[in-house]
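Visitor: structure here, sequence nowhere to be found:
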């Protein structure tokens, strides 16, 4: 019998005894005024967050525990983050739908060393296709993430692809973002990617999924956390995705974009193909 452990992306949003504030708006590019898709939106140090849709539109519900002095952050890869006091946004929202503009970041291109030596290829992480044990992803919290630590023992290690195995998938369409974070003092730090890595899983697809990362030129020198961020699904409010996992190892989870990472036992079945 398949044993499935449902510990992430399933949260209870009870409104009993609490008033709620709903903020709606759109995130646009400062220069072009075009919508910015899949922006991570969250309250600093709180498990409250969401993600803008493909058209840059967002809706976030804040309960009474969130005060006017809490900070709501809008962040997206390749853009400068922007922070607002909740009280200021609430006052603006009373007048019109929120229009949040983000400015493009300027990145210095990383130097890549080209060698004529034969590259060594290795699979790192937790490689499994077992249907006997899985971890559950639910739809309750857009922007939630789960990931595993990838050990890096050689300088200029190139991450070519990410693979995982779907045991059960009731969704017609799923959209994920791949995030890669550096490790500082044993904890996930900043996202090292300069471009969004967005991919979809269509038509209730199950089995092995491989995301090609070769064109992103991802070179790392130390351990990283590779994570999947849940950013869209159809249908939105029902269903659960089961991904193969291993009993040993550990998984890092994050309930919202500005919340703390939490380390859990059992390893989400993420593996990467790397060369050095």
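Guide: Everything's here; your move. Since the model is a prediction, treat every value here as computed from it, not as a measurement.

Visitor: mind listing what residue 250 touches?
Guide: Contacts of residue 250 were listed using C-beta atoms under 8 Å, 6 or more residues apart in numbering, and they are 148-149, 263-267. From N, CA and C alone the C-beta is placed, and that goes for glycine too.

Visitor: show me where pLDDT drops low in the stretch 1-150 of the chain?
Guide: 1-19, 107-118, 139-140 (pLDDT under 70).

Visitor: mind redoing it with 90?
Guide: Scanning the stretch 1-150 of the chain with the threshold set as pLDDT under 90 gives 1-21, 62-65, 94-96, 105-119, 136-142.

Visitor: all strands of it, in order?
Guide: Using DSSP state E, counting those that start in this stretch, the strands found in the stretch 1-150 of the chain span residues 3-5, 20-29, 40-43, 49-51, 57-63, 71-75, 82-85, 98-102, 121-125, 133-138, 145-150.

Visitor: can you give me how far the longest strand along the chain is from the chain middle?
Guide: If you go by DSSP state E, the chain has its longest strand at strand 240-254. Relative to its chain's centre, strand 240-254 lies at 14 Å (C-alpha atoms, centre = their mean, to the nearest Å).

Visitor: can you list the buried residues in it?
Guide: 240-246, 251-254 (16 or more other C-beta atoms under 10 Å).

Visitor: parallel or antiparallel, list what pairs with it.
Guide: If you go by DSSP bridges, strand 240-254 pairs up with strand 133-138 (antiparallel), strand 145-150 (antiparallel), strand 157-168 (antiparallel), strand 262-268 (antiparallel).

Visitor: distance of residue 26 from residue 59?
Guide: 10 Å (C-beta to C-beta, to the nearest Å).

Visitor: the two: which is more packed in?
Guide: residue 26 (18 against 13; other C-beta atoms under 10 Å).

Visitor: quick check: beta-bridge partners of that one?
Guide: Going by DSSP bridges, residue 26 forms beta bridges with residue 57, residue 99.

Visitor: residues contacting it?
Guide: Residue 26 touches 35, 52, 55-58, 97-100, counting by C-beta under 8 Å, 6+ apart.

Visitor: could you work out the most separated pair of those?
Guide: Largest separation among those by C-beta to C-beta: 55 and 98, giving 14.4 Å.

Visitor: between these two, tell me which one has more neighbours.
Guide: residue 98 (18 against 12).

Visitor: quick check: the more buried one touching residue 23?
Guide: Yes. Residue 98 is in contact with residue 23 according to C-beta atoms under 8 Å; the separation is 6.2 Å.

Visitor: tell me, what's touching those two both at once?
Guide: residue 89.
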